[in-house]
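1. Sequence plus the predicted model coming up.
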Amino acid sequence: MDKRVQDVAIAEIEALPIDPASPLIISDADEVILQFMAGLEKYLETQGFWIDLSSYAIHGNVKHQADDSHVEDAHVTELIRAFFHAHTDTIEVVPEAPAVLKQLSERAQIVVLSNVPASRRDDRIRCLHSQGVEYPVIANSGPKGPAVAALAERVDAPIFFLDDIPHHITSVAETAPHVRRVHFVADPRLARLIEPAKDCDHRIDDWHELRQVIEHEIDRFFSGGG
């Protein structure tokens, strides 16, 4: 983890106007709110590559269009970096996400916690805001547990963390175990390739189902059900 970037994320969190009495939803962006894989696929095709979605990984699955040979990991890393540089502000939202988040915002505070490169944070904000997702964005680096813990210590109501990556779920379980952890994978092709994260409280891949679960837990908390 780059501690300088992590410190910036914590400083951004400390500056947020958080209501301690209101529930909090902390959501990843890529492959939860945004269709990251679909956008990356389109970009790779323009560069002469394609991605074989036979396993839940990017490295090792990118291939040359010409002969289906594998692209070296270092080159894949550069392609991902180039994709973020060119298209962070144009990745399309998951269709149901803006409307459901708006409904949830009537019951809870919402923060987007994204491992987007810090240099692309403003692009990410423009991308989300232009598609109706107008909530604070924190640019994180490395495991998300420390950032979630920093947010969670400011709230005395239910807190929900949404992410598609199991190790981020585990990181939150280790640093802020009282946070409800939802393993969410928006792309149906990817969702079929990965089992529920071992440290999640819920595995949900549908925004409408997610809303029902979150609202039920909020209702249960405020009715005294804990």
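-> Structure's in. What do you need?
2. Helix, strand, or coil at Gly224?
-> Here Gly224 takes the helix state, with states given by DSSP: H, G, I helix; E, B strand; the rest coil.
3. One more: Leu53?
-> Going by three-state DSSP: Leu53 is coil.
4. Can you read off the pLDDT for it?
-> The score at Leu53 is 93. That number is its pLDDT.
5. Repeat that for Val8.
-> Val8 carries a pLDDT value of 66.
6. Any idea how far apart the tips of stretch 156-169 sit?
-> 21 Å (C-alpha to C-alpha, to the nearest Å).
7. what comes up buried for that stretch?
-> Neighbour counts over stretch 156-169 (16 or more other C-beta atoms under 10 Å) mark Pro158, Ile159, Phe160, Phe161, Leu162, Asp163, Asp164, Ile165, Pro166, His168, Ile169 as buried. (Glycine included, C-beta is placed from N, CA and C.)
8. of all these, which comes closest to Trp50?
-> Taking C-beta to C-beta as the measure, Asp164 is the one of the buried residues of stretch 156-169 closest to Trp50, at 21.1 Å.
9. Which phi and psi values does Thr211 adopt?
-> Not quite, residue 211 is Arg, not Thr. phi -60, psi -40 (degrees, to the nearest 10).
10. Against Asp164, how distant is it?
-> Computed with C-beta to C-beta, to the nearest Å, the distance linking Arg211 and Asp164 is 18 Å.
11. re earlier: can you tell me which of the buried residues of stretch 156-169 end up in helices?
-> Pro166, His168, Ile169 (DSSP state H).
12. close enough to count as contact, the last one and Phe184?
-> It refers to Ile169. No. Assessed by C-beta atoms under 8 Å, Ile169 is found out of contact with Phe184, at 9.8 Å.
13. where do the contact lists of these two overlap?
-> By C-beta atoms under 8 Å, 6 or more residues apart in numbering, Ile169 and Phe184 have these common neighbours: Asp163.
14. Can I get the ones in helices among the buried residues of stretch 156-169 in TSV including pLDDT and distance to Ala149?
-> Compiled in TSV, these are given as follows (pLDDT from 0 to 100; distance: C-beta to C-beta, whole Å):
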residue	pLDDT	distance to Ala149
Pro166	97	18
His168	98	13
Ile169	98	14
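15. Need the contact partners of stretch 85-103.
-> So stretch 85-103 is contacted by 25, 27, 30, 32-36, 38-39, 43, 110, 116-117, 120, 123-124, 126-128, 130-133, 135, 186, 206-208, 210-211 (C-beta under 8 Å, 6+ apart).
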